[in-house]
Every structure is written in C-alpha cells, then in structure tokens.
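Participant: Just a sequence and a predicted model for now, questions to come.
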Number of protein chains: 2
Amino acid sequence: MVENSELRKAGLKVTLPRVKILQMLDSAEQRHMSAEDVYKALMEAGEDVGLATVYRVLTQFEAAGLVVRHNFDGGHAVFELDDGKHHDHMVNVETSEVIEFFDEEIERLQKAIVDKYGFEMVDHNLVLYVRKKK
Amino acid sequence: MVENSELRKAGLKVTLPRVKILQMLDSAEQRHMSAEDVYKALMEAGEDVGLATVYRVLTQFEAAGLVVRHNFDGGHAVFELDDGKHHDHMVNVETSEVIEFFDEEIERLQKAIVDKYGFEMVDHNLVLYVRKKK
DNA sequence: TTTATTGCAAATCGTTTGCATCTCC
DNA sequence: GGAGATGCAAACGATTTGCAATAAA
C-alpha cells in the first residue's frame, strides 16, 4: 500500500485529495490513467475532488517522482505510479490496453546512437502500436 | 520539386492553398513544421491562407500519405513530407532541433518483441530527447 | 454548373490559472 | 494562526467545425 510518508518525503502536505489520488493510482485496475480517469474514478468512489485539483496533484506527483507522465498518441496524457523500473509501452490500438515491456538491448542501442551524435540522453520514449495477430 | 500530380493522385482537387502548403513543406529550411509554422511561413511569403485550412489540408495530406504527423512532447503536432523512408527522431531539448536517424537493429528488436507477445505492429514511435554533451 | 474547398468565427478538448475559501501542522 | 491546498469558474492553446461565400473541374 502507498504510504503517506511518500508525500511528506516529497515535501507535500498530507491532504485528503492527495492521499485519495495516490491510493486510486495504486489500487486501480488500470495502471495507466488520465487525469479524467482518476477524476471519474474518485467521483464513482464517492470522493469529492475537483478536476483542477487532480491535474495539479498529478503534476506535483510527477515533479516529485512519484508518478510518470506519458503522452501517447491522442491528445490526453496518462499517468502511472513510478515503480523505479524504466520500461517502454505497447498500446493495443483495438482495445487501448497498455502493455509494459523492457528490452535491455534496445536501451543499449539507443544510448549508443545518442552517443554517436555527441549528445547525452535526457529522456526517451518508445511506444509500439499493435493489434492482435489475425 | 513536389508535383501537383501528387495531389490528383491522392484524390484531392488541385487548389491554391494545397499547392502552396505542399511547396512550403518541400522548400522550408526545417523539415518538421507545426500547422502554426506552416501558417506563419505562408503569411510571411505573402500567401493568404487561413489557419483552419492549413490544419484541414495537413490532415488530408496525412490521410493521403503525403505527410507524416508526429506528436513530440509539448502540445502541438509537427508534420514532415513523407519520403517513404521510415526513421526515428532525436529532439535536442535545448534548441528544439529535430534529428532523424534509423537503426536497423532497433527496428528488428521491436518487431521481435511485438511478435513475442503475439501481436502485429501497426505503428511505432521512438523519440530520444537529448542535449549536447557538456 | 456542380461540387469540393475555403475563410471566418464560434465551438471543442484537454489543461491551467486567479482567487476566495478552507485545511493541515 | 498562517502557509499552503482546494474548488470553482474563467482563461488557455491547439485543433476542429458550421456555414455561407468561392474556386476548381
């Protein structure tokens, strides 16, 4: 279970909305949720939190490293709890299901390319859009 | 030079705005332009085309396969002429410069992963955010 | 002439912000 | 009690759309 100490550690006051949002991200069936998703889930759970607060809190969580933000195709951002383990994503375009994967070799090759160009990596983003093989 | 026949081939009437936009994408210094970029460039060139038209035309070009749309981090989409050769992108976060690259090995590994999960690839998207090594 | 295309302004979507009110420490 | 957090509604930036006017074929 997510601890309130994580909030304190991040220099964030332990408030009801923050605790609820953190719990929601931790307990929801879907690991990847948009701000809207979180908001609706809270509503359904009878928790009364404003949408603006959800956006604000998610952004703070991201800055604090509690959460990672992804910009998959299609307008809105999705967030997931940061478990510290980097991974990439596969999106099933037919179901919108998100599958996580990690490939050491790909990571290595990316670094090699960045290096070759004389840059250093700030961030990287790999998304495979897929569909069940017929 | 881009040909009007490309427009006809795509089933699009050859209109002034479409021709101008296509030429702009072909001749601009930057291969990657947002709708706003194209619009401003046209204005500066004395061409009078509405912003809504630029959006509409770019979307049609994308559907016709003349142009590829990318959603890099940061709100707005960028478009580039489709030369038929797939490549990935590196974005210099300090200058917003976009560098194209292609790595056969990475492509191969991506396919292998998709395969392993029993999917087929619909599309894929790899962006490396980088900065000059200090 | 006929139908597609354009320009404009208003609408939409996801997200952010100002501000008065409320909560946590 | 006071700093910081919240909710609401208004503001936002990117993109889309309705519609009457216009330009291709």
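Facilitator: All right, it came through fine. Numbers count the residues shown, from 1 in each chain, chains lettered A, B, ... in the order given.
Participant: what's the longest strand in chain A?
Facilitator: strand A:119-132 (DSSP state E).
Participant: what angle do that strand and strand B:119-132 make?
Facilitator: 170 degrees (axes from the mean of the first three to the mean of the last three CA atoms, to 10 degrees).
Participant: What is strand A:119-132 packed up against?
Facilitator: In terms of contacts (3 or more CB pairs under 8 Å, 6 or more residues apart in numbering or on different chains; DSSP states H and E), strand A:119-132 is packed against strand A:88-92, helix A:104-116, helix B:104-116, strand B:119-132. No exception for glycine: its C-beta is placed from N, CA and C like everyone else's.
Participant: give me that answer again for 6 Å
Facilitator: strand A:88-92, strand B:119-132 (3 or more CB pairs under 6 Å, 6 or more residues apart in numbering or on different chains; DSSP states H and E).
Participant: residues of it that come out buried?
Facilitator: Neighbour counts over strand A:119-132 (16 or more other CB atoms under 10 Å in any protein chain shown) mark A:119, A:121, A:124-130 as buried.
Participant: domain parsing for chain A?
Facilitator: Per the TED database, the structural domains of chain A span A:1-82, A:84-133.
Participant: Just the helices from chain A, written as ranges.
Facilitator: In chain A, the helices defined using DSSP state H lie at A:4-9, A:16-27, A:35-44, A:51-64, A:104-116.
Participant: Same list (those) but as CSV, adding mean pLDDT and mean neighbour count.
Facilitator: As requested, the helices of chain A are exported to CSV (pLDDT from 0 to 100; neighbours: other CB atoms under 10 Å in any protein chain shown):
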stretch, mean pLDDT, mean neighbour count
helix A:4-9, 89, 14
helix A:16-27, 97, 18
helix A:35-44, 97, 17
helix A:51-64, 97, 17
helix A:104-116, 97, 15
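Participant: can you list the ones you listed in a markdown table and add distance to chain B?
Facilitator: Below are the helices of chain A laid out as a markdown table (distance: least, CB to the nearest CB, whole Å):
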| stretch | distance to chain B |
| --- | --- |
| helix A:4-9 | 26 |
| helix A:16-27 | 21 |
| helix A:35-44 | 15 |
| helix A:51-64 | 13 |
| helix A:104-116 | 5 |
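Participant: any chance of those helices in CSV, with distance to DNA strand D too?
Facilitator: Converted to CSV, the helices of chain A look like this (distance: least, CB to the nearest atom of the strand, whole Å):
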stretch, distance to DNA strand D
helix A:4-9, 9
helix A:16-27, 3
helix A:35-44, 9
helix A:51-64, 3
helix A:104-116, 26
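Participant: related to what we said a few turns ago, dump the domains of chain A to JSON lines, plus distance to B:E104.
Facilitator: Output for the domains of chain A, formatted as JSON lines (distance: least, CB to CB, whole Å):
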{"stretch": "domain A:1-82", "distance to B:E104": "24"}
{"stretch": "domain A:84-133", "distance to B:E104": "10"}
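Participant: And those domains: which comes nearest B:L22?
Facilitator: B:L22 lies closest, by CB to CB, to one member of the domains of chain A: domain A:1-82, at 24.2 Å.
Participant: Run the chain-centre distance for that closest one.
Facilitator: Distance of domain A:1-82 from its chain centroid, counting by CA atoms, centre = their mean, to the nearest Å, is 9 Å.
Participant: and that domain with DNA strand C, contact?
Facilitator: Yes. Residues of domain A:1-82 contacting DNA strand C under CB under 7 Å from any atom of the strand: A:8, A:13-16, A:34-36, A:51-52, A:55-56, A:59, A:75-77.
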